[in-house]
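Student: No sequence on hand, only this structure:
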């Protein structure tokens, strides 16, 4: 990349000097030579690993990591110059960030027992240009310039790879979280994340806006070889030749990313990395010690594992706040100057963001972004709820839930919570029944023609419950599905025959499970007596029986809500109940169900009496029964029904959602990025678990009437 080609010996010598035990001042011309290393300079992987180990040994003396970070900040500053920036400046900046990333990653993942020491400060006798560093720390200076570049410099042919490598650098620099426990502690060491949180609100707003715009606009990698001499030397195998270079270990990641035979056509390096960085930033929580808490008085060591929860608190996350306060604007009217002067009031184009999310919801990170927006930003939620093309979001969500076996548990939870949040709005529940789908090609069990979006949503939610009965057996999943159905029930309109049958059949399936649990429990009551093992088994069975009782009651309440508030416009529901009316009879005297089932039989008695009054020779055909129901729905009066409080469930996050979300975000990031992190060094989540459910602390659904 420099003016004169370097030999492998020169590469070895320069890298050897960087990782050696001689401390070179910031003003040395060594740094210039190091950052002019050509990309075709080969350095075998073993030598790179050896160099990383030597830097880890000598960095405490040389502070070379801090010094190369300082030079990185300087080159980024030059790259942001308002005048024309020479291509060589961008090339040196790419070299600096790539070279730094290799060594920084090794230092982080080789931390012993989770104790990270990077020596990010310079010696007292170091001559530091005050005009650049001032009173800042190295990490704050670097993060300020990295974030400034990302936010203020457009992605162009000259800057594309620098943008991409800065996003990779951000992920590596923030990966110190992987060394921490799932629950943040006051002694966690995350210097670059803390530095990002310390930036002013203007920059934070611009960064959040730019990362989301990268996600929306999805800049493509430029393949103009003439413009990228630093990446192409004219030979067909030049990319492979450069894999051994220390810098190229990071820089060439996007190339391997692009040439992989991925089936996900929507994947885009800049967009994906921007979203990864944003998710890490908005979910970070800095744990601080409460004012007035004395370590000495409470006999707690400063290096102890954790402090009592009541003596710690989380500082505000400016990136999360900026996302929560984002407002709508047109894409071509997005003004970073405006964003920069509105503190934490970000202006985003909601329309293309909505469309991009709809396109990408097969990806878990897109699901998590949608959840974060709907849960935290009331303005975006209101925007989504007034869209008339709700199928843009709902169809990929429902398709993902339909294909449950290929989804992680966490992804299923996020998708269900999104549906629960949306179902809290009555206009949403009414609107989805007006949108008719000509066909649903991915639904294989039966041909669904001219089905409403609302009917499809009910079918998929019931299908998810039934899948959970046999596979996941997760109470939280049951609750979320049924809570969403309960919110939808009073607003159901012309529910399809298939959806109506599935709803009634759900009660039948739950009742069979209930009976299987109830009979063995009754038998064991007589033999348990003083047998502790039998008593323990009986307690477990009673708890499960209580859960099924709750779910059966909730399904009955859902059916009741449809019959009470929407019977005239749902003849197929009445017909499905008439078909299966015998399944309700065994529970007519059950103390938890009797009033609800009494309402169902009020409906059955009304329509059965109409059938008896029109007794036909040769019996009734299916169409004749349905026509009778449709005709008599017009004369139905709700007067004889016992009115229950209309169910309404809302979603609330747990009090400590970070315990779930921080590990979850990093699992997603590591599953997508092109480099691996030493699994044995991770404390954030176990080394051997895939991206599955870490706990059930995502949140809860609450209703305004008793659930017990």
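Tutor: Sure thing, it's come through. Computed from a predicted model, the values in this text were never measured in an experiment. Residues are numbered from 1 along each chain as shown.
Student: Next up, phi/psi of residue 288, please.
Tutor: Dihedral pair for residue 288: phi -120, psi 160, per degrees, to the nearest 10.
Student: quick one: it and residue 311 touch, right?
Tutor: No - look at residue 288 against residue 311 with CB atoms under 8 Å: they stay out of range, at 10.0 Å. From N, CA and C alone the C-beta is placed, and that goes for glycine too.
Student: neighbour-wise, which of the two wins?
Tutor: Neighbours were counted for residue 288 and for residue 311 using other CB atoms under 10 Å; residue 311 has more, 16 against 13.
Student: State the distance from the more buried one to residue 287.
Tutor: Residue 311 is 10 Å from residue 287, where distance means CB to CB, to the nearest Å.
Student: again with residue 202
Tutor: Taking CB to CB, one finds residue 202 at 26 Å from residue 287.
Student: and if you look at residue 134?
Tutor: Counting by CB to CB, the gap from residue 134 to residue 287 is 28 Å.
Student: Would you mind telling me which of those two has the busier surroundings?
Tutor: Taking neighbours as other CB under 10 Å, residue 134 and residue 287 compare with residue 287 leading, 19 against 10.
Student: List the contacts of the more buried one.
Tutor: 184, 185, 186, 188, 312, 313, 314 (CB atoms under 8 Å, 6 or more residues apart in numbering).
Student: With adjacent residues omitted, what lies nearest to it?
Tutor: Nearest non-adjacent residue to residue 287, counting by CB to CB, 6 or more residues apart in numbering: residue 184, 4.1 Å away.
Student: That neighbour is in contact with residue 661, isn't it?
Tutor: No - contact criterion CB under 8 Å: residue 184 and residue 661 do not qualify, at 11.2 Å.
Student: related to what we said a few turns ago, hmm, which two among the contacts of residue 287 are most spread apart?
Tutor: Within the contacts of residue 287, 188 and 313 form the most distant pair, 14.1 Å apart (CB to CB).
Student: These two: which is more packed in?
Tutor: Between residue 188 and residue 313, counted using other CB under 10 Å, the more crowded position is residue 188 (20 against 14).
Student: does the more buried one sit in a helix, a strand or a coil?
Tutor: Three-state call for residue 188 (DSSP: H, G, I helix; E, B strand; the rest coil): coil.
Student: change the start of the numbering to 509 and stick with it
Tutor: From this message on, residue numbering opens at 509, which makes the last subject residue 696.
Student: can you pull the pLDDT of the closest residue to it other than its chain neighbours?
Tutor: Leaving aside its sequence neighbours, residue 696 sits nearest to residue 688 (CB to CB, 6+ apart; 4.6 Å). In the predicted model, residue 688 carries a pLDDT score of 91.
Student: for residue 688, what are its contacts?
Tutor: Residues in contact with residue 688, defined by CB under 8 Å, 6+ apart, are 622, 696, 698, 1191, 1192.
Student: For the residues you listed, work out which two are farthest apart.
Tutor: Longest distance between any two of the contacts of residue 688 is 12.7 Å, between 698 and 1191; criterion CB to CB.
Student: So which of those two has more stuff around it?
Tutor: residue 698 (21 against 16).
Student: Angles on the backbone of the more buried one, please.
Tutor: The phi/psi pair for residue 698 (degrees, to the nearest 10) is phi -130, psi 70.
Student: okay, and the helix or strand of this structure with the least pLDDT?
Tutor: In the chain, no helix or strand scores lower on mean pLDDT, DSSP states H and E than helix 746-749, which sits at a mean of 28.
Student: Does the closest residue to residue 863 other than its chain neighbours belong to a helix, a strand or coil?
Tutor: Of all residues not flanking residue 863 in the chain, residue 900 sits nearest, at 6.5 Å (CB to CB, 6+ apart). Assigned by three-state DSSP, the conformation of residue 900 is helix.
Student: show me the contacts for residue 900.
Tutor: 862, 863, 866 are the contacts of residue 900 under CB under 8 Å, 6+ apart.
Student: mind checking how far it is from residue 1001?
Tutor: On the measure of CB to CB, residue 900 and residue 1001 end up 21 Å apart.
Student: So which other helices or strands are in contact with the one helix or strand residue 1049 maps to?
Tutor: Element membership of residue 1049, judged by DSSP states H and E, is helix 1040-1074. Applying 3 or more CB pairs under 8 Å, 6 or more residues apart in numbering; DSSP states H and E, one finds that helix 1040-1074 makes contact with helix 983-996, helix 1005-1036, helix 1079-1087, helix 1102-1121.
Student: Please work out which of those is packed deepest.
Tutor: Among the helices and strands packed on helix 1040-1074, ranked by average contacts under mean count of other CB atoms under 10 Å, first place goes to helix 983-996 (a mean of 24).
Student: residue ranges for the strands of this protein, please.
Tutor: 795-797, 820-822, 835-836, 855-856, 944-947, 957-960, 1157-1161, 1207-1211 (DSSP state E).
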